[in-house]
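Chemist: Structure for the following, please:
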Amino acid sequence: MNSHSSFLIPHSLILALFISSPLFAGNITGKALFDGAPGENPKIDMSADPVCKSLNPQTAVQERIVINPNGTLKNVFVYVKEGISQEFPVPSAPAVLDQQACTYHPRIQGMQANQKLQIINSDATLHNVHAFAKNSPEFNLGMPMKGMKLEKTFSNSEVMVKMKCDVHPWMAGYIGVLKHPFFAVTDEQGTFKIENLPPGEYTVEAWHETYGTKTQKITVADEAPQTGDFKFSSKEIVDEASGLTIKTGAPLSLPSPLRGEGKGEGEFDDSAALNVPRPKTGWWLPANISTYGRDIDQLFYLILGITGFIFIGVQAALLYFLFRYRAREGVKATYTHGNKRLEIIWTAIPAVILIFLTIWSQRIWSEIKGSEPPMGAIPIQIQAEQFAWNIQYPGLDGKFGTPDDVKTINQLHIPVGRPVRARLTSIGKDGKHPVIHSFFLPEFRLKQDVVPGMQIDVWFQATRTGKYEIACAEFCGLGHYRMRGFLSIHSPEGYEAWLKEQA
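Modeler: So this is what the prediction gives:
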């Protein structure tokens, strides 16, 4: 190689770099402003896992809404939604999601498609990281050991991918996956900075897990930083399940025909359908949100009153006889074979009580178990396996077993004010060895055994929106207590929006 050719190579490289790179690069900066009073973040009960409880001795809360001292929002994901046409190399360094103190760190972050995501378990307890990706393969991986690391990738862009722990349901995080590096997350001052943008006109979007998205057009024309602030308000929240924007502070009344002739609650607030943990109810019965729940409660209180009265009477008689016929000096014991009249009385009284309760409960039994579900009930199939609830909805064609069916795991969605018919079956793991389960909705006063080889229909109708728990009340075996699902009750509009989005 002569000196002339060796002189041309560096200049050729410089020329190629000069042609392929923009003449200048600009930045977009701004803030996520907030107006109004935010709701209180839900408290987290970690008592079920001693390790998590020891790592969080103080009261822990879900950091869904973090308001900075200057009135801005933290953890807002800001990214260029439109205007990027060229491809960018994938970073060699991985994005990191750390499971630390039984929470995700960071809660909100961004990464590029096909970039490695390193998932770390920094806790000495089992975590189960579940990525609810729609545009990339979903994964659900157990991480039982402290220090364990896994690496995954997302092949396609998606804003946002929700990350959850199936063992600890309060653990949630979100990852924005893009084909370019132009994104940022607001900090403790509510500010963000997207750097090194080529000149052009861009659509920039800001996403928050509770307050939804805000979008604006920003033009980068020179090296001076471009400013774009986003304004969020406590008066608008977004139902995570359906994507429906909800105006807060305006409870809606159910029409009287939907209330079951006055039974149950009469009002609901659509904002209650947000993905928040079910509130603790103390030691007594949880709130009733079912059309027939009041009748069951009345029957429960009647039986409790009768049995409680008898219990107190028997114990009082026992104490009286212990005192009255105690051993005393000079008093001889007497023996008796029995009293037919008393035997008839204490046999007849329970029989009359049982007959009365049978007649009294017959109407309730006929309404819930002895008749077909009300007309227009939404059909849903629930298959119980070891150990999860597999839930299936008919698609737009209204038929099961067709390609447009909607399927979820441990997530049941229904509308308020409309009956639902759930067909319960038990399936074995990998199709083998089905076992008995017990489908339990405490707030609906509904508990039904799911027996292998049988199809059992139950129906229920909600009177209030919100998010509640699905439990398995079967005590045999080691895994039934982990069959924890969630029931999201939407407004009719919210349910239709969710169903269309899933379809």
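
Chemist: From the recorded domain assignment, give the ranges for this structure.
Modeler: Following automatic domain parsing, one finds the domains of the chain at 20-247, 249-314+341-503.

Chemist: Worst mean pLDDT among those?
Modeler: Ranked by mean pLDDT, the domains of the chain bottom out at domain 249-314+341-503, which scores a mean of 81.

Chemist: Check the offset of that domain from the chain's centre.
Modeler: Taking CA atoms, centre = their mean, to the nearest Å, the mean C-alpha location of domain 249-314+341-503 is offset from the chain mean by 17 Å.

Chemist: And stretch 202-211, by the same measure?
Modeler: With CA atoms, centre = their mean as the basis, the mean position of stretch 202-211 lies at 22 Å from the chain mean.

Chemist: buried stuff in it?
Modeler: 202, 204-211 (16 or more other CB atoms under 10 Å). For the C-beta atoms, the positions are set from N, CA and C on the backbone; glycine is no exception.

Chemist: likewise stretch 481-501?
Modeler: Those would be 483-491, 494-495, 497-499, for stretch 481-501 by 16+ other CB under 10 Å.

Chemist: Next step: those restricted to helices.
Modeler: Counting by DSSP state H, the buried residues of stretch 481-501 place 494-495, 497-499 in helices.

Chemist: Make TSV out of those residues and add distance to residue 135.
Modeler: Putting those into TSV (distance: CB to CB, whole Å) gives the following:
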residue	distance to residue 135
494	23
495	24
497	20
498	18
499	20
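
Chemist: and of these, the nearest to residue 161?
Modeler: residue 498 (18.1 Å; CB to CB).

Chemist: how close does the closest one sit to residue 170?
Modeler: Counting by CB to CB, to the nearest Å, the gap from residue 498 to residue 170 is 22 Å.

Chemist: again with residue 496
Modeler: In terms of CB to CB, residue 496 sits 29 Å off from residue 170.

Chemist: Can you list the buried residues in the helix or strand containing residue 161?
Modeler: Element membership of residue 161 [criterion: DSSP states H and E] is strand 158-165. Across strand 158-165, burial judged by 16+ other CB under 10 Å covers 158-165.

Chemist: tell me which of the buried residues of stretch 481-501 is nearest to residue 358?
Modeler: Closest to residue 358, out of all of those and judged by CB to CB, is residue 487, at 31.5 Å.

Chemist: Backbone torsions only: list them for the residue lying closest to residue 43 once chain neighbours are set aside.
Modeler: Leaving aside its chain neighbours, residue 43 sits nearest to residue 61 (5.4 Å; criterion: CB to CB, 6 or more residues apart in numbering). With angles defined as degrees, to the nearest 10, residue 61 sits at phi -130, psi 160.

Chemist: doesn't residue 41 make contact with residue 61?
Modeler: Yes - applying CB atoms under 8 Å, one finds residue 61 in contact with residue 41, separated by 4.2 Å.

Chemist: can you pull the contacts of the nearest residue to residue 479 once chain neighbours are set aside?
Modeler: For residue 479, ignoring the flanking residues on the chain, the nearest one in space by CB to CB, 6+ apart is residue 387 at 4.0 Å. By CB atoms under 8 Å, 6 or more residues apart in numbering, the contact set of residue 387 is 472, 479-480, 482-483.

Chemist: ok, now with 10 Å
Modeler: 410, 429, 435, 437, 472, 474, 477-484 (CB atoms under 10 Å, 6 or more residues apart in numbering).

Chemist: ok, it to residue 428 distance?
Modeler: 12 Å.

Chemist: what residues are shared contacts of these two?
Modeler: Shared contacts of residue 387 and residue 428, counting by CB under 10 Å, 6+ apart, come down to residue 435.

Chemist: quick check: longest helix of this protein.
Modeler: Of all the segments of type helix in the chain, defined by DSSP H, the longest one is helix 293-324.

Chemist: downstream neighbour of that one in the secondary structure list?
Modeler: helix 340-368.

Chemist: mind listing what's buried in that next one?
Modeler: Buried, per 16+ other CB under 10 Å, within helix 340-368: residue 368.

Chemist: tell me the angle of it relative to helix 293-324?
Modeler: 160 degrees (axes from the mean of the first three to the mean of the last three CA atoms, to 10 degrees).

Chemist: which helices and strands does helix 340-368 pack with?
Modeler: Applying 3 or more CB pairs under 10 Å, 6 or more residues apart in numbering; DSSP states H and E, one finds that helix 340-368 makes contact with helix 293-324, strand 456-460.

Chemist: Residue 84 - that's part of a strand, no?
Modeler: No - going by DSSP: H, G, I helix; E, B strand; the rest coil, the assignment for residue 84 is coil, not a strand.

Chemist: quick one, what contacts residue 502?
Modeler: 134, 241-242, 393, 395, 404-408, 413.

Chemist: With respect to residue 48, which of these is nearest?
Modeler: Taking CB to CB as the measure, residue 48 lies nearest residue 408 of these, at 23.2 Å.

Chemist: what secondary structure does the closest one sit in?
Modeler: Note that with three-state DSSP, the state of residue 408 is strand.
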